[in-house]
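S.K.: Structure for this input, please:
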Amino acid sequence: MSTYESQDGREAAVAGADAAPSRSLAAELWDWTKSIVVALAIVILLNLFVFNLSTVKGHSMEPTLREKEWLFVNKFVYLVGHPQRGDVVILKDPDTHAAERQYLVKRVVAVPGDKVEIRGGKLHVNGEAVSEPYTDIKIEDGDRGPVVIEEGHYFVMGDNRHQGASKDSRIFGAVSEQAIQGRADFILWPIRQMGGL
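M.R.: Numbers count the residues shown, from 1 in each chain. Take a look at the predicted model:
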C-alpha cells in the first residue's frame with residue numbers, strides 16, 4: 001500500500017515537474033508582451049507630446065543649419081508656452097496645394113502684435129532694425145511690409161537670406177501656432193556640429 005502511494009506520488013511529482021515549465025514559460029511570455037506594449041506606448045506618447053528627431057533638408061537655414069544634420073525637437077515646450085522671437089521651429093508647410101505636405105525648419109522673427117517690415121536688406125520689427133548674428137548676408141528678396149502679425153500667428157524666415165533660398169513667411173505669410181510642431185533645441189549629428197541652437 002505504501003509502495004503504491006509512493007509510486008503514485010513520484011508519478012504526480014514528475015507530472016507536476018513537466019507542467020511547471022510550460023506554465024512559467026507562458027507567464028514569462030505574457031510579462032514580455034506587457035513590457036513591450038507599455039514601452040511602445042511610452043515611445044509613442046513621447047514622440048507625440050515631448051520630443052522627436054528631425055533631419056534638415058535643403059539650404060534655407062544656412063549658415064545655422066546644414067543639410068542632413070539631425071535635430072532634437074522639443075515638442076513639450078509649446079504645450080506649456082508659446083514660440084518666442086529667435087526660436088528655430090519645425091512647422092507644417094502651409095502650402096496646401098503641394099502633393100505632399102512636408103515639414104519646414106525656420107526661425108521665428110516676429111510674434112503676435114509685432115509690426116514686420118523688410119527694408120533695405122534689413123529686417124525691422126516694431127520700427128527697429130533687428131540684429132541677426134545668425135545670418136551672414138542682407139535680405140536679397142526686396143522690400144516687404146509693413147504688416148502687423150495677427151493673434152495666434154508668427155512670422156518665420158530662413159537664416160539663408162540669398163534671393164529665393166528660403167520658402168517662408170515672405171511667400172506664404174504668417175503661420176498659425178497650430179502649424180508649429182516644436183522647437184529645435186540641439187544639433188545631435190554630426191558630432192562635430194553637436195550643440196545647442
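
S.K.: And the residue nearest the centre of the chain?
M.R.: The residue lying closest to the centre of the chain (Cα atoms, centre = their mean) is Val73, at 3.6 Å.

S.K.: now that one, what's its secondary structure?
M.R.: What DSSP: H, G, I helix; E, B strand; the rest coil gives for Val73 is strand.

S.K.: And it, how far from Phe186?
M.R.: Applying Cβ to Cβ, to the nearest Å, the value for Val73 to Phe186 is 9 Å. (C-beta placed from N, C-alpha, C; glycine too.)

S.K.: related to what we said a few turns ago, list the residues that contact the closest residue in space to the residue nearest to the centre of the chain that isn't next to it in sequence.
M.R.: With Cβ to Cβ, 6 or more residues apart in numbering as the criterion, Val73 has its nearest non-adjacent residue at 4.2 Å, and that residue is Gly182. Going by Cβ atoms under 8 Å, 6 or more residues apart in numbering, Gly182 touches Phe51, Asn52, Val73, Asn74, Lys75, Val77, Tyr78, Val89, Ile90.

S.K.: redo that, cut-off 6 Å
M.R.: Listed by Cβ atoms under 6 Å, 6 or more residues apart in numbering, the contact set of Gly182 reads Val73, Asn74, Lys75, Ile90.

S.K.: likewise Val73?
M.R.: Asn52, Ser54, Ile90, Gly182, Ala184.

S.K.: Any chance of a markdown table for these, columns secondary structure and distance to Leu123?
M.R.: Output for these, formatted as a markdown table (DSSP: H, G, I helix; E, B strand; the rest coil; distance: Cβ to Cβ, whole Å):
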| residue | secondary structure | distance to Leu123 |
| --- | --- | --- |
| Asn52 | strand | 29 |
| Ser54 | strand | 25 |
| Ile90 | strand | 21 |
| Gly182 | strand | 23 |
| Ala184 | strand | 20 |
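
S.K.: how does the protein divide into domains?
M.R.: 1-49, 52-196 (automatic domain parsing).

S.K.: What mean pLDDT does the shortest one get?
M.R.: pLDDT averaged over domain 1-49 equals 61, rounded to a whole number.

S.K.: now swap in stretch 79-95 and tell me
M.R.: Mean pLDDT, stretch 79-95: 93.

S.K.: swap in stretch 118-137?
M.R.: 94.

S.K.: buried stuff in that stretch?
M.R.: Neighbour-count burial for stretch 118-137, counted by 16 or more other Cβ atoms under 10 Å, picks out Ile118, Leu123, His124, Val125, Glu132, Thr135.

S.K.: end-to-end on that stretch?
M.R.: End-to-end distance for stretch 118-137, by Cα to Cα, to the nearest Å: 14 Å.

S.K.: all strands of this protein, in order?
M.R.: Ranges of strands in the chain, per DSSP state E, are 51-55, 70-74, 88-92, 103-110, 115-119, 122-125, 128-129, 144-148, 153-157, 175-176, 180-189, 195-196.

S.K.: mind checking which of those is nearest Val38?
M.R.: strand 51-55 (18.8 Å; Cβ to Cβ).

S.K.: Brilliant, that's me finished.
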